[in-house]
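>>> Below is the sequence, then the predicted model.
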Amino acid sequence: MQNYAEQWQRMASCKGPHADLFYPPNTTERREEKANREADAKSICNDCPVKVECLDYAIAINETYGIWGGLNELERKNLTTRRLRLR
């Protein structure tokens with residue numbers, strides 16, 4: 001039986017040849033290059049059928065790298081902080 005994460009991940013739009021857009025390269029990345037890469041990744045997230053599940057999963061596991069659910073690391077951290085303040 002597959003766990004929940006594996007089930008939604010099978011339907012994710014980020015799978016395939018463009019998956020490298022969702023994580024920084026192993027080499028130095030200029031600010032403009034990062035912004036462009038992230039914008040491309042986020043555009044794929046916009047139409048993803050499991051965007052909400054992806055973001056929830058990344059926050060639940062405290063993922064520190066990459067684009068998940070249409071948000072980068074800093075955006076997820078800020079969202080988490082706002083959610084904690086509202087409690």
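Noted; the coordinates are in hand.

>>> Would you point out which residue is most central in this protein?
Centroid check for the chain by Cα atoms, centre = their mean gives residue 68 as the closest residue, at 1.1 Å.

>>> what residues are up against residue 53?
8, 69 (Cβ atoms under 8 Å, 6 or more residues apart in numbering). Heads up, the C-betas are built off the backbone N, CA and C, glycines and all.

>>> For residue 42, see how far away it is.
Remark: distance between residue 53 and residue 42 (Cβ to Cβ, to the nearest Å) = 16 Å.

>>> and if you look at residue 60?
In terms of Cβ to Cβ, residue 60 sits 20 Å off from residue 42.

>>> wouldn't the residue nearest to the centre of the chain be in contact with residue 76 here?
Yes. At 6.8 Å, residue 68 counts as touching residue 76 under the criterion of Cβ atoms under 8 Å.

>>> By residue count, what's the longest helix in the chain?
helix 31-46 (DSSP state H).

>>> Report the separation between the residue lying closest to residue 68 once chain neighbours are set aside and residue 32.
Nearest non-adjacent residue to residue 68, counting by Cβ to Cβ, 6 or more residues apart in numbering: residue 58, 3.4 Å away. Between residue 58 and residue 32 the computed distance is 25 Å (Cβ to Cβ).

>>> The two: which has the busier surroundings?
Shown here are residue 58 and residue 32; by other Cβ atoms under 10 Å, residue 58 has more neighbours (20 against 8).

>>> got the contact list for that one?
Going by Cβ under 8 Å, 6+ apart, the list of residues near residue 58 reads 68, 69, 71, 76.

>>> Over to residue 24. Which of the three states is it?
coil (DSSP: H, G, I helix; E, B strand; the rest coil).

>>> How many neighbouring residues does it have?
Neighbours of residue 24 under the rule other Cβ under 10 Å: 17.

>>> Looks like it contacts residue 34 (just checking).
Yes. Here residue 24 lies in contact with residue 34, judged by Cβ under 8 Å, at a distance of 6.9 Å.

>>> May I have the strand or helix carrying the residue nearest to residue 68 exported as PDB, CA atoms only?
Here residue 58, judged by DSSP states H and E, is contained in helix 51-60. Output in PDB follows, covering the C-alpha atoms of helix 51-60 (Å, rounded to 0.1, in the frame of the first residue of the first chain):
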ATOM      1  CA  LYS A  51      -0.500  21.900  -5.500                       C
ATOM      2  CA  VAL A  52      -2.200  22.200  -2.100                       C
ATOM      3  CA  GLU A  53      -1.100  18.700  -1.000                       C
ATOM      4  CA  CYS A  54       2.500  19.400  -2.100                       C
ATOM      5  CA  LEU A  55       2.700  22.600  -0.100                       C
ATOM      6  CA  ASP A  56       1.100  20.900   3.000                       C
ATOM      7  CA  TYR A  57       3.600  18.100   2.700                       C
ATOM      8  CA  ALA A  58       6.600  20.400   2.400                       C
ATOM      9  CA  ILE A  59       5.500  22.400   5.400                       C
ATOM     10  CA  ALA A  60       4.800  19.200   7.400                       C
END
